[in-house]
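Sequence and predicted structure, then a few things I'm wondering about:
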Amino acid sequence: MDTTSNLQMNSLLREAEQPAQNGTTEQTILQPFARFRQNPLDFAHELYLFIRGVDWRSYDKQVGQPVFYSGYTAKIKNTVMSSPLLQKKLNELVEERLRREEEEQLLDGSKVDGRRAEVLSSLEEYAGLMVDKMMCKMESKFQIRSAFYMCTQLLTRVYSGVHVSQPEVERLREVATRAAAEKKPIVFLPRHTSHIDYVALQLICYRLGITLPVVVAGENLNFPVVGPFLQHRGAMWIRRSFDGDALYRTLVQAYLDSMMQQGYNLECFIEGGRSRTGKLLQPKFGFLGFLLDSVLSGRTEDAYICPVSMQYDKVIEVDSYVTEMLGKPKAKENLTDFLSSSSILGMNMGRVDCRFHEPWSLREFIDAQLARTNSVAEAQDGIDKTKPEVRIRLLRTLGYKVLADINDVSVVMPTALVGTVLLTLRGRGVGRSELARRVEWLCTRIVANGGNVADFHGMPTLEVVDRALAVLGSNLVGTVEGLAEETYYAVDRFQLSFYRNATIHLFISEALIAISLYAKVKQGGGRQAEQVPGKELEEQVTFMSQLTRGEFIFRTGQGIGHNYREALNGLVKNNVLEVTDGRIGLAQAEREQGREDFDFYCFLLWPFIDAAWLGAVSLFCLVPTPGSTVQWIDMKKAQGIAQIFGRTLYHQGDLSYFEAINTEAIKNAYTRYQEEGIIQVAKGKGGLTVQIAPDWMPERDSKTGMLQPEGRLWEFTGKISQHRREGKNRRDGATVSTRVLKLASKLNEDLFRELESTSGDEGPAQVRKSRKRRSRL
């Protein structure tokens with residue numbers, strides 16, 4: 001960074017700089033403005049600085065391509081409409097239309113040219129309307145400055161401040177300066193936890209003097225008043241589904257191409273939608289596909305990819321997330337709900353931490369991947385990059401690399417530390433001093449595993465814990481009065497799990513080992529009896545890893561075997577496990593401290609094992625009853641039955657974790673079982689339908705018609721059950737109890753009775769067509 005940039009950067013951060021303690025490099029880049037009622041003089045002074053545009057407030061010398069000028073929108077639209085890619089697609093659609101009209105004898109051969117021009121003009125007009133509705137319209141600097149002031153006022157009434165890492169933002173500005181000179185875009189790819197994500201990242205870029213990115217947002221947010229406000233301040237609208245609309249897909253690609261070719265920054269959420277669970281979701285490849293195709297085709301030279309992690313002490317929407325995951329349909333966004341969110345203003349939501357991974361070249365990534373998967377000679381001669389398998393491999397690797405980078409820079413907030421400890425302890429509650437001790441232990445383990453803990457600026461652990469408890473509130477963490485020591489307990493474990501899930505990715509390998517060994521440990525019998533041969537344990541870990549792969553983002557590029565050995569060595573080094581003559585078991589030191597650390601790792605994973613088990617055992621509800629004509633079942637109905645099944649099992653004591661019944665976990669389980677061929681999924685009349693694969697179909701008693709405790713599905717469910725937390729109603733833990741199977745049979749009968757009474761053509765489209773052909777014959 002040159003001298004001018006250094007001076008500018010120092011000016012940007014000077015007002016927000018925190019006193020350095022213990023070598024901290026963190027900055028509070030956005031903090032509360034003075035309030036008129038509390039401090040009218042300071043309020044007036046800050047407002048004066050904004051009106052005058054003093055220092056960074058003017059936003060006159062942003063790093064990046066110029067925006068916010070009259071004519072910006074028209075310029076971008078003209079560039080999109082003249083795009084060779086779009087023109088080619090329009091001509092293809094015109095020729096296809098003319099061909100159909102000729103086949104249907106609707107077109108006079110002598111009037112083809114005139115008709116061609118007429119259809120092309122109509123399509124161009126339609127495309128122009130779609131572009132106008134889609135594109136971002138940042139033209140007014142006054143609007144941007146006003147929005148920054150207003151949004152910062154609102155955001156900092158909810159959160160105490162937005163924190164960043166000084167080295168990271170300095171590095172980001174260096175890259176932004178280089179990208180601006182090269183006329184290349186920076187593509188910000190943040191995780192998506194809250195609607196606040198949109199606002200926070202834009203405010204940070206404004207504060208740092210970087211050209212605001214155009215945010216790819218779902219059309220569900222484009223409702224009256226709010227939609228136009230956002231569109232003129234950074235949002236572009238995109239449909240959730242293209243439904244095979246080739247023209248719309250080409251328009252999106254042409255618009256993104258045009259933005260990238262001119263070096264305008266972009267932003268899109270890698271997970272698609274907000275995470276309702278607190279952990280990273282699997283990547284969505286739509287937007288990444290547009291980026292990849294733009295660079296692969298050569299239409300765009302390059303782009304800098306910048307993964308971003310946004311972490312909150314408390315997330316505003318968690319209440320609604322829990323409601324949705326319990327089966328209530330997601331409410332459509334509207335102005336009333338948007339305005340009602342003002343009720344949270346003034347609440348103590350803690351702080352926001354934003355972390356930027358080092359931006360990297362998409363072109364260099366592509367070249368490295370191609371060189372890795374092909375010989376040097378092939379890479380030099382040039383391979384066919386347009387092959388679908390090449391593109392898919394690149395796309396998947398790109399998606400998971402971005403997620404891994406996000407995890408690498410994520411910080412664990414104090415609320416996540418407290419939530420994790422409360423949900424990984426045996427017993428009803430925990431004392432204040434013990435809670436602080438376990439938080440300190442957890443911080444140490446997080447750092448040892450390559451994670452990052454939010455910077456406390458030298459604050460004592462007890463004070464950090466107290467602040468976290470204040471933010472979480474009494475609705476999540478309760479206090480028992482009248483005891484010798486302040487004692488805390490989890491009130492709402494489901495909601496608290498959202499914060500615990502922010503730490504799981506750091507310990508997933510250790511947790512998989514612990515949960516695999518637990519199948520042996522819970523049988524008891526002493527030190528030697530609880531040991532497992534190393535090869536057998538690794539096989540169990542592989543099984544559990546495959547079972548939960550849809551839930552977690554594993555470290556990329558090293559494989560299960562490498563992660564297993566690395567985690568095992570760490571557990572042995574920390575005296576949690578020991579290896580004796582090739583057999584692995586609990587270390588003596590771990591036994592003496594009551595399995596404290598071992599149980600921690602098990603508690604992290606047990607809710608997900610319960611969810612996988614529930615998904616498997618719920619399939620017994622889908623077995624066709626004797627004589628039933630219904631084979632395919634609506635997917636939503638099947639997953640709804642799984643939730644009812646799970647609720648009943650939880651209240652009857654056969655399911656330990658209520659969070660296991662959430663819709664996301666059940667969907668993940670069904671996806672996993674589809675990949676394994678346990679169930680078959682097809683598109684039906686009203687959506688996806690499901691049935692158990694023939695090889696996995698449970699047997700019924702030939703006389704009574706009752707489901708039998710045997711077969712592949714029964715054995716598979718029992719294999720999962722071995723790793724579940726032992727409870728009073730399942731001491732054996734070896735297989736599904738007859739009590740659970742009896743409940744599955746009841747739900748099975750009720751389900752198929754209902755389906756038979758309303759049966760029509762419920763199967764997949766191709767099956768229905770086959771039935772119709774057979775009926776005609």
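All right, it came through fine.

list the contacts for the spatially most central residue of the chain?
When C-alpha atoms, centre = their mean is applied to the chain, the residue found nearest the centroid is L281 (2.9 Å). Listed by C-beta atoms under 8 Å, 6 or more residues apart in numbering, the contact set of L281 reads E271, G272, G273, S275. Placement of C-beta: from N, CA and C, glycine included.

now Q674
Q674 neighbours (C-beta under 8 Å, 6+ apart): Q680, V681.

List the backbone torsions phi and psi for it.
phi -70, psi -40 (degrees, to the nearest 10).

Against V681, how distant is it?
Here the criterion is C-beta to C-beta, to the nearest Å. By it, Q674 lies 5 Å from V681.

Please apply the same query to T580.
46 Å.

what helix or strand does K88 sit in?
helix 84-103 (DSSP states H and E).

So what touches that helix?
Residues contacting helix 84-103 (C-beta under 8 Å, 6+ apart): 80, 107, 109, 112, 115-116, 119-120, 123-124, 127, 246-247, 250-251, 253-254, 257, 299.

hang on, isn't V175 packed against P359?
Yes: with contact defined as C-beta atoms under 8 Å, V175 counts as touching P359 (4.6 Å).

how many other residues sit next to the nearest residue to E726 once chain neighbours are set aside?
Once flanking residues are discounted, E726 sits nearest to K522: 4.9 Å by C-beta to C-beta, 6 or more residues apart in numbering. Around K522 there are 16 other residues, counting by other C-beta atoms under 10 Å.

just A179 next, same as before
Neighbour number of A179 under other C-beta under 10 Å is 25.

ok, it - contacts?
G64, P185, I186, G263, Y304 are the contacts of A179 under C-beta under 8 Å, 6+ apart.

Got phi/psi on it?
Per degrees, to the nearest 10, the backbone of A179 is at phi -60, psi -40.

Let me see the domain layout of the protein.
Domain ranges of the chain: 3-67+138-213+265-342+351-409, 411-500, 504-594, 605-776, per automatic domain parsing.

And the first one, how far out from the chain middle?
Its chain's C-alpha centre and that of domain 3-67+138-213+265-342+351-409 lie 15 Å apart, by C-alpha atoms, centre = their mean, to the nearest Å.

What of stretch 134-149?
So, by C-alpha atoms, centre = their mean, the centroid of stretch 134-149 is 28 Å from its chain's centroid.

shouldn't I196 be in contact with Q311?
No: in this structure I196 lies outside contact range of Q311 using C-beta under 8 Å: 11.2 Å.

before we move on, back to that, is it possible to get TSV of the contacts of A179 that adds distance to S545?
Converted to TSV, the contacts of A179 look like this (distance: C-beta to C-beta, whole Å):
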residue	distance to S545
G64	42
P185	37
I186	35
G263	42
Y304	33
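
of these, closest to D319?
I186 (34.4 Å; C-beta to C-beta).

So what's the residue count around the closest one?
26.

Contact partners for it?
G64, V175, A176, A179, I210, P213, N265, L266, A303, Y304, C306, P359.

if we go to 7 Å?
V175, A176, A179, N265, Y304, C306, P359 (C-beta atoms under 7 Å, 6 or more residues apart in numbering).

Same question for R115.
So R115 contacts L98, L107 (C-beta under 7 Å, 6+ apart).

gap between it and G109?
10 Å.

what do you get for V409?
For V409, the distance to G109 - C-beta to C-beta - is 64 Å.

Can you pick out the residue with more neighbours from these two?
The neighbour comparison of V409 against G109 (other C-beta under 10 Å) goes to V409, with 19 against 6.

The more buried one against C354, yeah?
No: if you go by C-beta atoms under 7 Å, V409 and C354 don't touch, sitting 9.6 Å apart.

Each with direction, which strands does the biggest strand by length in the chain pair with?
Secondary structure of the chain per DSSP state E: the longest strand is strand 304-312. According to DSSP bridges, strand 304-312 forms sheet pairs with strand 186-190 (parallel), strand 352-356 (antiparallel), strand 360-361 (antiparallel).

any idea which of those is most buried?
strand 186-190 (a mean of 26; mean count of other C-beta atoms under 10 Å).

could you show me where the helices are in the stretch 351-500 of the chain, in order?
362-373, 376-381, 388-409, 414-422, 432-448, 461-472, 493-500 (DSSP state H, counting those that start in this stretch).

Now do the fourth one: distance to the chain's middle.
Taking C-alpha atoms, centre = their mean, one finds helix 414-422 lying 20 Å from the centre of the chain it belongs to.

what helices or strands is it leaning on?
helix 432-448, helix 461-472, helix 493-500 (3 or more C-beta pairs under 7 Å, 6 or more residues apart in numbering; DSSP states H and E).

between that helix and helix 461-472, how big is the angle?
For helix 414-422 against helix 461-472, the angle between stretch directions is 100 degrees (axes from the mean of the first three to the mean of the last three C-alpha atoms, to 10 degrees).

Next: the fifth one.
Helix 432-448 and helix 461-472 meet at an angle of 90 degrees, taking the same axes, to 10 degrees as the criterion.

list the contacts for Q153?
F33.

Roughly how far does it sit from C205?
Taken as C-beta to C-beta, the span from Q153 to C205 is 18 Å.

ok, now W606?
41 Å.

ditto for L614
Taken as C-beta to C-beta, the span from L614 to C205 is 43 Å.

what's the answer for N569, then?
Taking C-beta to C-beta, one finds N569 at 42 Å from C205.

Compare those two (neighbour count), which wins?
Using other C-beta under 10 Å, the more surrounded residue of N569 and C205 is C205, with 23 against 12.

In terms of helix, strand or coil, where does that one fall?
helix (DSSP: H, G, I helix; E, B strand; the rest coil).

residue contacts, the closest residue to it other than its chain neighbours?
Nearest non-adjacent residue to C205, counting by C-beta to C-beta, 6+ apart: L212, 5.3 Å away. Applying C-beta under 7 Å, 6+ apart to L212 gives the contacts M138, Q202, C205, Y206, G234.

okay if I get these as JSON lines plus pLDDT?
Below are the contacts of L212 laid out as JSON lines (pLDDT from 0 to 100):
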{"residue": "M138", "pLDDT": "89"}
{"residue": "Q202", "pLDDT": "93"}
{"residue": "C205", "pLDDT": "94"}
{"residue": "Y206", "pLDDT": "93"}
{"residue": "G234", "pLDDT": "89"}
